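Next one to model:
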Amino acid sequence: AFVHMSEAMVEQRLRSEIVLARRKDVEPELIPAIWRPFQLMFILQCLGGLVDFESPDREIADLLWFPTGGGKTEAYLGLIGFTLMLRRLENRQHGVSAIMRYTLRLLTTQQFERAALLMCCCEKIRQRNVELGIDRFEVGLYVGRSSTANKLSDASKALKKLRDDSEADVSEFGNPIQIKICVWCGRELNALDYSTQDRCIASCPDRDCLFASGLPWLVVDEDIYRYRPNLIIGTVDKFAMLAIKEDAGRLFNRDLGLEPGIDLIIQDELHLISGPLGTLTGLYEAAIDEIGRRNLSGELGVGPRPKIIASSATIRRSAEQVSAVFDREVSQFPPSALDSRDSYFAVESSPERKGTRRYVGVMAPGLSQATLLIRTYASIFHQTTLGDWKPEVRDVYWTLVAYFNSLRILASAQLLMQDDVGDRLKFINGGVPHLRRPDETRIELTSRASAKENPKFC
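Below you'll find the predicted structure:
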């Protein structure tokens, strides 16, 4: 299982570079596919709890704590690949094996693409290894109707509308086109590449592609309940369907008789499960713990619970949070070292070796939030017009990313951007109309974004 998983991860690494290069129309840069030390160590540390159902490690929640961009996703994708391979080699391939959950819709859709590529790699390995069974490796996207369709009939209506107009708003049905490229070869996908016969399936338009007959993902709730993909990626709030829809129990293989349960649950961005969301999530975890058990006797509270893996780049009081949400002890990896700048697996680089960011705070007593925003934004835009900068450097600072704590504050900032920031720029420039970026656009990434817009940002 470990060898098959490693083969899949190597293939995923190579395919990622090939697809990225094809999208940019350049030659792929074949970067060596090797584990980073912390990834390999974390995977090895977790194998005992996944293989041995009686191991005390099965009851421990392992928290992967590593900086953003360090490779946490590859570490737990490797664990998922191992789990799926092991379950098939032990002939326990009944239904869902692993669940991966996020708190944000956009992040869920983005990671779904990476997991879909992993399933493609696993599927290629299955096709040349008969011991891995005859059923395809598949991943399902389990999010709200504002993103994907709940029913096959809704997906069919959405696709019909998108075939007539690729920019049509299909939020009333849910958008089945959550990935716009073939993750295996990089060819673009559109509504014509999707069909809704027995289920909603996407096929690569390239006849020479390994997945010309169908890519291994499901995005319609009805299909997910019926076909039970090996891996499910969803948002934590979607699992409230357990209390509403009986079919949701099929995600935990409760109707298969053998009760194979769930082997692995991945909770990414653990620090975001706090406040009211954390309280509700903790309540549902009590049920998920029970129905996710590998239970051959049928008795309540009997059988090993799923292995819990959590990850975060920034978290405090992890023991208390994991206890409140999952009712488990936590093992943090890498553990806290004597020096915060050196955990053995990650060492702080000097500014001379790697470029660093400088964080600047603006303190403006006596000014309103609106005035502060207008003057700060205008100053940043103004500075981009000064000096002899290369276009690619100027472009970085001409794109302003702003974060807001509420939709109300964001809406008022949009109004300020439309009028007041431009007036301030004119004032700074001595009354002369200020140089503005060509094709100036404003993009909003919030819960108000429609099902059609989300895949564009991933």
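
just checking, what packs against the strand or helix carrying residue 233?
In the assignment (DSSP states H and E), residue 233 maps to strand 231-235. For strand 231-235, the packing partners by 3 or more C-beta pairs under 8 Å, 6 or more residues apart in numbering; DSSP states H and E come out as strand 98-102, helix 105-127, strand 139-142. Any C-beta I mention is one placed from the backbone N, CA and C, and that applies to glycine too.

at 10 Å instead, please
helix 72-89, strand 98-102, helix 105-127, strand 139-142, strand 217-218, strand 264-267 (3 or more C-beta pairs under 10 Å, 6 or more residues apart in numbering; DSSP states H and E).

can you pull the buried residues of the third one?
When neighbours are counted by 16 or more other C-beta atoms under 10 Å, the buried residues of helix 105-127 are found to be 105-106, 108-126.

One more: the fourth one?
When burial is assessed from 16+ other C-beta under 10 Å, strand 139-142 yields the following buried residues: 139, 140, 141, 142.

Now stretch 133-143: average pLDDT?
For stretch 133-143, mean pLDDT rounds to 92.

what distance separates the start and the end of that stretch?
29 Å (C-alpha to C-alpha, to the nearest Å).

Ok, stretch 212-219 next?
Start-to-end span of stretch 212-219 (C-alpha to C-alpha) is 18 Å.

Let me know the closest of the buried residues of strand 139-142 to residue 189.
Residue 189 has its nearest neighbour among those in residue 141, at 14.5 Å by C-beta to C-beta.

The closest one pairs with what?
residue 233 (DSSP bridges).

do residue 307 as well
Beta-bridge partners, per DSSP bridges, of residue 307: residue 264.

For it, which residues are in contact?
Going by C-beta atoms under 10 Å, 6 or more residues apart in numbering, residue 307 touches 46, 48-50, 53, 55, 57-62, 79, 83, 98, 262-266, 328.

re earlier: any chance of a markdown table for the helices and strands packed on strand 231-235, columns distance to residue 244?
Output for the helices and strands packed on strand 231-235, formatted as a markdown table (distance: least, C-beta to C-beta, whole Å):
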| stretch | distance to residue 244 |
| --- | --- |
| helix 72-89 | 27 |
| strand 98-102 | 18 |
| helix 105-127 | 19 |
| strand 139-142 | 14 |
| strand 217-218 | 20 |
| strand 264-267 | 20 |
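
Stretch 273-289 - what's its average pLDDT?
On average, stretch 273-289 scores 87.

For it, give me every contacting residue.
99, 101, 103, 236-237, 239-240, 242-243, 251-252, 262, 265, 267, 270-272, 292, 301, 305-306, 308, 310, 312, 315, 321-328.

mind redoing it with 8 Å?
For stretch 273-289, contacts defined as C-beta atoms under 8 Å, 6 or more residues apart in numbering pick out 103, 236-237, 239-240, 242-243, 252, 265, 267, 305-306, 321, 324-327.
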